[in-house]
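# Okay, predicted coordinates and the sequence, questions at the end:
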Amino acid sequence: MQRRILIVEDEASIRDMVAFALRKADMLAVPAADAQQALVALADAPPDLILLDWMLPGMSGLELARRLRGQKETAEVPIIMLTARGEEIDRVNGLEAGVDDYVVKPFSTRELIARIKAVLRRSHGDDGSGSIDLGGLRIDSAAHRVFAGDTRIEVGPTEYRLLHFFMSHPERVYSRAQLLDRIWGGSVYVEERTVDVHIRRLRKTLEPFGLADRVQTVRGAGYLFSATA
Ligand code: CA
């Protein structure tokens, strides 16, 4: 199926160049010159991925990313941020806002397309067979089982849901509040500390397999699952 990519970029020359490269890579390019146009395009249909310029007139790319993460329809759509050199300092802000990757300008379209493909692969980690294989761990969603290599790991129900969520969304930081919302559901009142308790249990479960550090703490931001230690 042809992937639909939304490009939010105010510089027409970059927007056109990217759109051209996307079409050449057999992807569908949906251009937007600012956040307002992006929101209109998004209301139409959520894309498979968003390329988002950091510096936009009006609402900034970062503000838009935060807003999209907060909305149910777009919370899961991967975002690649386009930044100018020197804007990298804001990386942590971007990670907090749930950005999946960065590409620094000037970039080659070949590099950009490669990054897009990598993020798309990652965000669709579940290959359809209901199995996710990542960082030495394998989850069989149909059977609700977790394996390290060939060894089955006994995982509690909440830890299983956490791990499944993390492995479906690797290399992306989630705050405690976001995890509460995704794992426990917004309707139930649970303290944020509960998240820490279950993260600890999950790490303890993974520890004998040398995989505890797959679940990483990002200070002041939350947690992320990394395929590499
Ligand atoms: Ca710009």
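Yes, it's here.

# list the contacts for the residue nearest the centre of the chain?
Centroid-nearest residue in the chain: Asp100, 4.5 Å away (criterion: Cα atoms, centre = their mean). Neighbour list for Asp100: Pro78, Ile79, Ile80, Val119, Arg122, Ser123, Glu171, Arg172 [criterion: Cβ atoms under 8 Å, 6 or more residues apart in numbering]. (Each C-beta comes from the backbone N, C-alpha and C, glycine too.)

# could you redo the last one with a cut-off of 6 Å?
Contacts for Asp100 (Cβ atoms under 6 Å, 6 or more residues apart in numbering) come out as Pro78, Ile79, Val119, Arg172.

# Skipping adjacent residues, who's closest to Ser131 in space?
Asp140 (5.4 Å; Cβ to Cβ, 6 or more residues apart in numbering).

# I'd like the distance between Ala19 and Ile5.
Using Cβ to Cβ, to the nearest Å, Ala19 is found at 9 Å from Ile5.

# That should have said Gln216, apologies.
In this structure, Gln216 and Ile5 are 29 Å apart, going by Cβ to Cβ.

# Kindly report the same for Glu154.
41 Å.

# picking that back up, let me have the contacts of Asp100 in CSV, extended by pLDDT, distance to the ion and neighbour count.
Compiled in CSV, the contacts of Asp100 are given as follows (pLDDT from 0 to 100; distance: Cβ to the ion, whole Å; neighbours: other Cβ atoms under 10 Å):
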residue, pLDDT, distance to the ion, neighbour count
Pro78, 90, 20, 21
Ile79, 92, 15, 25
Val119, 83, 20, 19
Arg172, 88, 24, 23
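
# which among those gets closest to Gly149?
Arg172 (25.1 Å; Cβ to Cβ).

# moving C-terminal of the helix or strand of the chain at the bottom of the mean pLDDT ranking, what's the next helix or strand?
For the chain, counting by mean pLDDT, DSSP states H and E, helix 91-96 ranks last in confidence among helices and strands (a mean of 65). Per DSSP states H and E, the first helix or strand lying C-terminal to helix 91-96 is strand 101-105.

# Just checking: what are the partner strands of that next one?
Partners of strand 101-105 in the sheet, by DSSP bridges, are strand 79-84 (parallel).

# between Gln216 and Ile5, which one's more packed in?
Ile5 (24 against 17; other Cβ atoms under 10 Å).

# Could you measure from the residue nearest to Gly149 when sequence neighbours are not counted over to His198?
Leaving aside its chain neighbours, Gly149 sits nearest to Gly136 (7.2 Å; criterion: Cβ to Cβ, 6+ apart). Using Cβ to Cβ, we find Gly136 at a distance of 21 Å from His198.

# mind checking the end-to-end distance for stretch 21-29?
From its first residue to its last, stretch 21-29 covers 9 Å (Cα to Cα, to the nearest Å).

# Just the residues contacting that stretch, thanks.
Stretch 21-29 is contacted from outside by Gln2, Arg3, Arg4, Ile5, Ala19, Thr109, Ile113, using Cβ under 6 Å, 6+ apart.

# ditto for stretch 139-155
By Cβ under 6 Å, 6+ apart, stretch 139-155 touches Gly130, Ser131, Ile132, Leu137, Arg138, His164, Met167, Thr205, Phe209.
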